[in-house]
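Visitor: got a sequence here, can you model it:
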Amino acid sequence: MLTFRLLFVSASLFLVDAIVPTARYNGGCVAIRNQMFCYGGTENRQTSTNHYTLDLSTDFTVADSIKAWNTVDPGNYQVEPNSLFSIVPLNDSYLIHGGLGYASSTKFIKNVTTLYNVTAKSWSTVQAANQSLIMPSREGTSTLDSHNQLWVWGGLSDNVTNTNVTHTTYHEEFQTLDMNTLTWSLPTNITKTSSLSPRIAHTATLSKSGDVIYFIGGLQVSNGYQLSYAPMNDILQFNITNQTWSLHHSPGNTTIPSPRRLHSATAIPDTDLIFIYGGSVTDGAGTVSDYMYTLNTTSYVYTPVHATNSNQAKAGPRFGHSAVLYDKRSLFIIFGADELGSLRNDFAVLDIKNWNWVETFKADSNYPTPSSQNPPSTISNKPANTATFASSGSSSSLNNSDQVFIKFNYMKTLYFIIGITLLFSFF
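Guide: Numbering: from 1, shown residues only. So this is what the prediction gives:
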């Protein structure tokens with residue numbers, strides 16, 4: 001018994017020394033040059049400066065990848081804690097804009113827009129012209145078009161995101177950053193639809209043609225400050241070329257996803273489809289049960305997706321996660337909060353060609369075709385068993401100027417601990 005305990009303690013110490021990400025949600029991840037980069041997020045009720053990288057140049061077993069991360073040295077740059085920001089991949093770098101920052105009404109992030117260069121392995125602050133036009137915000141979206149123009153829309157500004165703010169502002173206007181000239185501007189010749197309302201915790205996805213942005217889900221503002229869910233069958237479209245807003249509705253006789261926020265929306269390459277994953281219910285901090293859909297941006301019809309493979313490979317319902325598509329086929333669902341209220345430090349990989357959760361990541365994206373595959377017509381609502389048990393801890397999910405902390409299922413966690421203790425007591 002004593003020998004077993006000593007071995008167990010030694011193993012535990014070894015795991016502590018390994019580079020294992022802290023469980024988190026509402027951070028950001030991108031894939032650039034055969035590497036995955038993840039920054040920030042909320043962990044243990046605090047926003048984080050943690051910066052991780054994962055090598056994607058070789059194959060690996062997904063279940064063992066929890067120990068494959070490395071931390072990124074910030075160098076001489078003073079990184080700041082952040083969460084609920086927008087993140088945009090560029091050629092050899094990625095941009096972070098806005099966010100919750102220190103989650104404090106007395107201390108604010110100094111660098112609202114930052115850039116990390118993966119080649120130079122260095123951070124820098126984006127020094128853009130007309131910076132005074134921009135009000136720092138969180139829970140908005142940033143989309144880079146084919147002309148290297150960054151379109152920032154939605155989100156909110158309050159006394160947590162900026163100093164000297166006396167009331168919450170929800171952003172209906174676009175803020176654009178020309179990445180060629182590093183100049184901010186507020187477009188004024190945009191044609192609006194009468195039903196346009198500001199949104200937060202929504203998604204923004206660029207179309208296959210590169211001239212349209214689709215805004216899906218989240219919370220919308222009415223009567224100035226009242227928040228309500230944005231129906232998933234109300235798809236906002238912004239035409240970049242014509243600078244015109246329009247609102248599309250899914251057909252009434254089709255399946256409509258339940259309302260959600262803090263979900264992800266990924267364009268499927270060479271198609272008119274957007275893949276919707278996860279999300280939180282709009283009136284609390286629980287996951288939605290219907291968490292996988294495709295949206296056809298021609299017909300605006302949603303189709304439930306049922307991906308195959310064992311429970312061990314699934315990501316399961318999550319919100320506040322990151323969805324990163326690598327090499328047009330491997331979709332990483334990273335971190336987030338799950339259906340038990342636990343924050344996660346793991347990820348799963350979905351082969352979007354076969355709609356199959358893979359157990360081994362293929363760097364060349366050459367996945368075998370499953371021997372049998374369910375049609376993508378229904379979705380499983382059963383909670384998934386995941387490969388890694390994320391450490392429990394509370395965290396905040398913002399749907400207004402106040403923080404709403406996740407309610408964790410402590411009883412299930414307690415039963416798990418008791419079961420493990422009883423098991424070890426027999427040795």
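
Visitor: how about the contacts made by the residue nearest to the spatial centre of the chain?
Guide: Geometric centre of the chain, nearest residue: Ser322, 3.1 Å, by Cα atoms, centre = their mean. Going by Cβ atoms under 8 Å, 6 or more residues apart in numbering, Ser322 touches Gly27, Gly28, Cys29, Cys38, Ser264, Phe332, Ile333, Ile334, Phe335, Gly336. Heads up, the C-betas are built off the backbone N, CA and C, glycines and all.

Visitor: what do you get for Ile200?
Guide: If a contact means Cβ under 8 Å, 6+ apart, then Ile200 has Glu139, Gly140, Gly154, Gly155, Leu156, Tyr170, Gly218, Leu219, Val221, Leu227, Arg261, Asn399 as its contacts.

Visitor: which ones among these map onto strands?
Guide: Leu156, Tyr170, Leu219, Val221, Leu227 (DSSP state E).

Visitor: put together a markdown table for these, with pLDDT on each row.
Guide: What follows is the ones in strands among the contacts of Ile200, written out as a markdown table (pLDDT from 0 to 100):
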| residue | pLDDT |
| --- | --- |
| Leu156 | 96 |
| Tyr170 | 95 |
| Leu219 | 98 |
| Val221 | 93 |
| Leu227 | 94 |
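
Visitor: which of these sits closest to Lys121?
Guide: Using Cβ to Cβ, Leu156 comes nearest to Lys121 of these, at 33.3 Å.

Visitor: next, count neighbours for the closest one.
Guide: Using other Cβ atoms under 10 Å, Leu156 has 29 neighbouring residues.

Visitor: what bridges to the residue nearest to Ser93 when sequence neighbours are not counted?
Guide: Spatial nearest neighbour of Ser93, excluding adjacent residues (Cβ to Cβ, 6 or more residues apart in numbering): Asn117 at 4.4 Å. With DSSP bridges as the criterion, Asn117 is bridged to Ser93, Ser122.

Visitor: so Gln220 makes contact with Leu236?
Guide: No: with contact defined as Cβ atoms under 8 Å, Gln220 does not count as touching Leu236 (9.4 Å).

Visitor: next, show the common contact partners of these two.
Guide: Counting by Cβ under 8 Å, 6+ apart, the contacts common to Gln220 and Leu236 are Arg199.

Visitor: residue boundaries of the strands in the stretch 51-200 of the chain?
Guide: 51-55, 60-61, 70-71, 86-89, 93-97, 113-117, 122-125, 141-144, 149-153, 156-157, 169-170, 175-178, 183-185, 199-200 (DSSP state E, counting those that start in this stretch).

Visitor: neighbouring contacts of the following helix or strand past the last one?
Guide: Using DSSP states H and E, the helix or strand that follows strand 199-200 in sequence is strand 203-206. Identification of contacts with strand 203-206 by Cβ under 8 Å, 6+ apart yields 141-145, 151, 153-154, 212-218, 263-267, 274, 276.

Visitor: list the buried residues in strand 203-206.
Guide: Neighbour-count burial for strand 203-206 flags Thr203, Ala204, Thr205, Leu206 (criterion: 16 or more other Cβ atoms under 10 Å).

Visitor: reformat those residues as a markdown table; add pLDDT.
Guide: Converted to a markdown table, the buried residues of strand 203-206 look like this (pLDDT from 0 to 100):
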| residue | pLDDT |
| --- | --- |
| Thr203 | 99 |
| Ala204 | 99 |
| Thr205 | 99 |
| Leu206 | 98 |
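
Visitor: so who does the residue nearest to Val112 when sequence neighbours are not counted touch?
Guide: Residue nearest to Val112 in three dimensions, not counting chain neighbours: Pro136, with 4.9 Å by Cβ to Cβ, 6+ apart. Applying Cβ under 8 Å, 6+ apart to Pro136 gives the contacts Gly98, Gly101, Phe108, Ile109, Val112, Ser157, Thr161, Asn162.

Visitor: if I pick the fifth one, what's in contact with it?
Guide: Residues counted as contacts of Val112 (Cβ under 8 Å, 6+ apart) are His97, Gly98, Gln131, Ile134, Pro136.

Visitor: mind running it again at 10 Å?
Guide: Contact analysis of Val112 by Cβ atoms under 10 Å, 6 or more residues apart in numbering lists 80, 85, 96-99, 101, 125-126, 128, 131, 134-137, 161-162.

Visitor: quick one: low-confidence ranges for the chain?
Guide: Scanning the chain for pLDDT under 70 picks out 1-18, 310-312, 372-427.

Visitor: for it, just list every one of the helices.
Guide: Using DSSP state H, the helices of the chain run over residues 2-17, 410-425.

Visitor: so who does Asn162 touch?
Guide: Gly101, Phe108, Ile109, Val112, Met135, Pro136, Ser137, Arg138, Thr169.

Visitor: one more pass at 8 Å, please.
Guide: Applying Cβ under 8 Å, 6+ apart to Asn162 gives the contacts Phe108, Met135, Pro136.

Visitor: with Asn111 instead?
Guide: Residues in contact with Asn111 (Cβ under 8 Å, 6+ apart) are Glu80, Thr125.

Visitor: related to what we said a few turns ago, now the buried residues of strand 203-206 as CSV including distance to Val358?
Guide: What follows is the buried residues of strand 203-206, written out as CSV (distance: Cβ to Cβ, whole Å):
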residue, distance to Val358
Thr203, 24
Ala204, 27
Thr205, 23
Leu206, 26
